[in-house]
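Chemist: This is the structure alone, sequence omitted:
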């Protein structure tokens, strides 16, 4: 059974195992993952201060979602991640459906994803997000940049 449940600090160890695994391809491709993705203290802060959900399959945490409202009706999808062995199984689509339904007052959702993560581009476009721009390249990260996506509700 697939569930989306508000994460607690007690979930931190299992949550981080899933998160680090989910971003291991980014680490391999770029030499780094999202800023702070493997930082337990940062994730503890997120759990305590932002809507953070664990993705649970048959009683096992396999991923997570973090978001926040940045201003009146505009929400930021800070992260959606699923362990590699569960990717491409429809769980991501269910996670997006869940988080969007959890915040019915959202007028717009925004997010960033790496420029070479073609699977993410396809996924977000499939669920209704549109690319609206790119962040400036970071010379300290070998010219790495992000695609900016948004979805009007």
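Modeler: Received it, and whenever you're ready, just let me know what you need. Values in this document were obtained by computation on a predicted structure and should not be read as measured data.
Chemist: When you work out contacts or count neighbours from here on, use the C-alpha atoms and nothing else.
Modeler: Will do.
Chemist: List phi and psi for the spatially closest residue to residue 152 that is not a sequence neighbour.
Modeler: If the residues on either side of it in the chain are set aside, residue 152 comes closest to residue 108, at 4.4 Å by Cα to Cα, 6 or more residues apart in numbering. When quoted as degrees, to the nearest 10, the phi and psi of residue 108 stand at phi -150, psi 140.
Chemist: Tell me which residues touch residue 108, please.
Modeler: Residue 108 makes contact with 73, 74, 75, 150, 151, 152, 153, according to Cα atoms under 8 Å, 6 or more residues apart in numbering.
Chemist: Find me the pLDDT at residue 23, would you?
Modeler: pLDDT, residue 23: 92.
Chemist: Quick check: it vs residue 133, distance?
Modeler: With distances taken as Cα to Cα, to the nearest Å, residue 23 is found 23 Å from residue 133.
Chemist: out of those two, which sits in the more crowded spot?
Modeler: residue 23 (19 against 12; other Cα atoms under 10 Å).
Chemist: quick one: the more buried one and residue 31 touch, right?
Modeler: No: contact between residue 23 and residue 31 fails when scored by Cα atoms under 8 Å: they sit 11.0 Å apart.
Chemist: buried ones in the worst-scoring helix or strand of the chain on mean pLDDT?
Modeler: Counting by mean pLDDT, DSSP states H and E, the chain has its least confident helix or strand at helix 24-30, which shows a mean of 88. Within helix 24-30, the residues that count as buried by 16 or more other Cα atoms under 10 Å are residue 26.
Chemist: quick one: contacts of it?
Modeler: For helix 24-30, using Cα under 8 Å, 6+ apart, the contacting residues are 32, 33, 34, 144.
Chemist: Just checking: what are the partner strands of the longest strand along the chain?
Modeler: Of all segments of type strand in the chain, defined using DSSP state E, the longest is strand 60-71. As defined by DSSP bridges, the strand partners of strand 60-71 come to strand 52-57 (antiparallel), strand 74-82 (antiparallel).
Chemist: Run the chain-centre distance for the longest one.
Modeler: Between the mean C-alpha location of strand 74-82 and the chain-wide mean there is a distance of 4 Å, by Cα atoms, centre = their mean, to the nearest Å.
Chemist: mean confidence for the longest strand of the chain?
Modeler: Strand 60-71 comes out at a mean pLDDT of 97.
Chemist: buried sites along that strand?
Modeler: For strand 60-71, burial by neighbour count (16+ other Cα under 10 Å) applies to 61, 62, 63, 64, 65, 66, 67, 68, 69.
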